[in-house]
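Peer 1: Model the structure of this input:
(one chain, ligands or ions: 1)
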Amino acid sequence: MLTVHHLNNSRSQRILWLLEELNVPYQVKKYERTPQLTAPKELLEINSLGKSPVITDGDVNLAESGAIVEYVIEKYGNGKATPPESGKLDNLYFSHYAEGSFMPVLVQKLIFDIVPQRSPFYIRPFASMIFGQLNKQLVQPEITKHVALIEAHLAKSKSIFFAGGDEPTSADYQMVFPLEALTDGAPDRLGPKIKEYVKTIHDRPAYKRALEKGGEYAYAKL
Ligand SMILES: N[C@@H](CCC(=O)N[C@@H](CS)C(=O)NCC(=O)O)C(=O)O
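Peer 2: Okay, the predicted model is just below:
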């Protein structure tokens, strides 16, 4: 049976949601973040980067959420999660954009937030000032551009989903995590379409089942 190596509060929630939507039988092996928020070393035994998600499926051992999403849809989709012809390019774009362009900016913000908190107390005020300025001058303007791009796309999409079809496709499975993280951390910076999008996904029965299977997930509440 397919196993999802699942880290709490992580991108592997995407994979649980996908498997629930496609009704694929699977089991979850749970890993707990350390107090420093990194993955525990047991994940290194499954994948050499020690990151989540990873799946094992027979002889297949696959990391990288975008690759896993494509693999699962191709092997188990039975035609589901296929974008309409008119949405194929959008699906391709947003499936890659999520990890290739959007997540790096959010991770940069997270790091700039965390560095001052973890600095020795005697340099913390200076670290806060420097990293606060870096966030304000470099990262926030980037996030604003990303939010505008996504908001504009969702506003013109033929449906609530990124590819404009009547069901989620790989673009949605990839985009949901960064949008949830933003909704949780900076809801005031988001437009109405992104908020509606995240709420619609959270209301889906398959999404709720995935939350139950995965356990702790800070970006959506049961
Ligand atoms: N681009 C990778 C990123 C994987 C990744 O960084 N996963 C995070 C969880 S969201 C992780 O395992 N963090 C723990 C660590 O780096 O120790 C993907 O989409 O799968």
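Peer 1: For the spatially most central residue of the chain, which non-adjacent residue is spatially closest?
Peer 2: For the chain, the residue lying nearest the average C-alpha position, counting by CA atoms, centre = their mean, turns out to be F177 (2.4 Å). Excluding the flanking residues, the one nearest F177 by CB to CB, 6 or more residues apart in numbering is R11, at 5.1 Å. No exception for glycine: its C-beta is placed from N, CA and C like everyone else's.
Peer 1: Quick check: the one you found vs M103, distance?
Peer 2: Distance of R11 to M103, given as CB to CB, to the nearest Å: 8 Å.
Peer 1: Over to F177?
Peer 2: 8 Å.
Peer 1: Quick one: residues contacting the closest residue to P40 other than its chain neighbours.
Peer 2: Closest residue to P40 in three dimensions, ignoring its sequence neighbours and counting by CB to CB, 6+ apart: Y31, at 5.4 Å. Neighbour list for Y31: H5, H6, L7, N8, A39, P40, E42, L43, S52 [criterion: CB atoms under 8 Å, 6 or more residues apart in numbering].
Peer 1: tell me the contacts of the fourth one?
Peer 2: Shown here is N8, whose contacts under the criterion CB under 8 Å, 6+ apart are K30, Y31, E32, R33, G214, G215, E216, Y217.
Peer 1: can you count the residues close to the fifth one?
Peer 2: For G214, the neighbour count with other CB atoms under 10 Å is 23.
Peer 1: swap in P125?
Peer 2: Applying the criterion other CB under 10 Å, we find 11 residues in the vicinity of P125.
Peer 1: and what of Y173?
Peer 2: For Y173, the neighbour count with other CB under 10 Å is 27.
Peer 1: what's the pLDDT at K221?
Peer 2: Note on K221: pLDDT of 66.
Peer 1: Show me which of the contacts of Y31 are buried.
Peer 2: Among those, the ones that count as buried by 16 or more other CB atoms under 10 Å are H5, H6, L7, N8, A39, L43, S52.
Peer 1: isn't the last one right up against L7?
Peer 2: Right, S52. Yes: here S52 lies in contact with L7, judged by CB atoms under 8 Å, at a distance of 3.5 Å.
Peer 1: list residues touching both of the two?
Peer 2: Taking CB under 8 Å, 6+ apart as the criterion, S52 and L7 both touch Y31, A39, L43.
Peer 1: tell me which of these is nearest to I15?
Peer 2: Y31 (13.4 Å; CB to CB).
Peer 1: any idea how far that closest one lies from the ligand?
Peer 2: With distances defined as CB to the nearest ligand atom, to the nearest Å, the gap from Y31 to the ligand amounts to 9 Å.
Peer 1: List the beta-bridge partners for the residue nearest to P40.
Peer 2: Beta-bridge pairing of Y31 under DSSP bridges involves L7.
Peer 1: Model confidence score at it, please.
Peer 2: At Y31, pLDDT is 98.
Peer 1: same question, R189
Peer 2: R189 carries a pLDDT value of 81.
Peer 1: what about the nearest residue to it once chain neighbours are set aside, neighbour count?
Peer 2: In space, not counting the residues next to it along the chain, R189 is nearest to V147; the distance is 6.2 Å by CB to CB, 6+ apart. V147 has 18 neighbours, counted by other CB under 10 Å.
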